[in-house]
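J.: Kindly return the folded structure for what I paste below:
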Amino acid sequence: MSNIHATAVVDPKADIGENVEIGPLCVIGPDVKIGKGCKIISQCSIMGHTTLGEDNTLYPFVSLGAPAQDYEYQGHRSYLKIGDKNVLREGFTANCGTKPESETTIGNECFFMTNSHVAHNCIIGDGVILANDALVAGYGSIGNNVILSGHTAVHQFCRIGRMAMMGGGCAISKDLPPFMMTYSKNNLVRGLNVIGLRRSRVSRDTMKVLKDLYKIFFRSKLSLKSAMAEIKENLEPIPEVVEFIEFVNTSKRGVLMGSLEE
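T.: The predicted model follows:
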């Protein structure tokens, strides 16, 4: 049985799971589905065709499922789908897709801090952290265990690979490859996301290979084509190297590069 505050406005058509808490002044629309164990603390708005998985926690002023902030949106049906065990802090927003029947998706066990934003048609993986005021524009793709620090911005259609990190104040318009880190000075790749890799218990042997990959791709004077050939020829094709190569080869916007200067 769910606990719904007397001042909350919950449409009778909404699908509310077991043991859901809906606090004061929340507004829940008719096409919303909320999984069991979710806690919606107060003053949250959930509208549109939004699906929340289980055991999510929403803090005050979270807004989910509003129409895409896109001139192409013309009032048709689109979706927002959110997984399980996510924490959405004050003022977090996520919108439905732009085109008919399209969707915005968010995975499991993510942490979205105050005033962060996920735009229409984004794909957000598992274990992602968006710090305060981090923004992901439309059609952005964020891999598992990525960290976006405070006041960061990801241009539309950009991708960020698994276990990468953006330092505070970055604004990128190209893809950030997996396992790498960029920060505000020129928004260039400046090294491996060593702390993130250690937290994910990546082995020392794998770390060594990734350090060699970083030196070849980002610190040498080789062209992109030559660097990729060097990586394929000289590095062990462990899954992480294969993942990096695939990411670069499938980039449509181009990838962020490094600097020869520290």
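J.: low-scoring pLDDT stretches of the protein, where are they?
T.: Judged against pLDDT under 70, the low-scoring parts of the chain cover residues 1, 185-186, 259-262.
J.: And the helices in it?
T.: Secondary structure of the chain, counting by DSSP state H: helices at 194-199, 204-214, 224-234, 239-249.
J.: list the helices and strands the last one packs on?
T.: Translated: helix 239-249. helix 204-214, helix 224-234 (3 or more CB pairs under 8 Å, 6 or more residues apart in numbering; DSSP states H and E). From N, CA and C alone the C-beta is placed, and that goes for glycine too.
J.: which residues touch Thr50?
T.: With CB atoms under 8 Å, 6 or more residues apart in numbering as the criterion, the residues that contact Thr50 are 29, 31-33, 64-65, 79-82, 96.
J.: out of those, which are buried?
T.: Buried members of the contacts of Thr50, counted by 16 or more other CB atoms under 10 Å: 29, 31-32, 64-65, 79-82, 96.
J.: how near is the residue lying closest to Asn144 once chain neighbours are set aside to Tyr71?
T.: Here the nearest residue to Asn144 in space, its sequence neighbours aside, is Gly125; by CB to CB, 6 or more residues apart in numbering that works out to 3.9 Å. The gap separating Gly125 from Tyr71 is 28 Å, by CB to CB, to the nearest Å.
J.: ok so, going back, for the buried ones among the contacts of Thr50, which one is nearest Val202?
T.: Within the buried ones among the contacts of Thr50, distances to Val202 taken as CB to CB reach their minimum at Ile82, with 27.7 Å.
J.: isn't that closest one right up against Glu54?
T.: No: counting by CB atoms under 8 Å, Ile82 stays clear of Glu54, with 10.4 Å between them.
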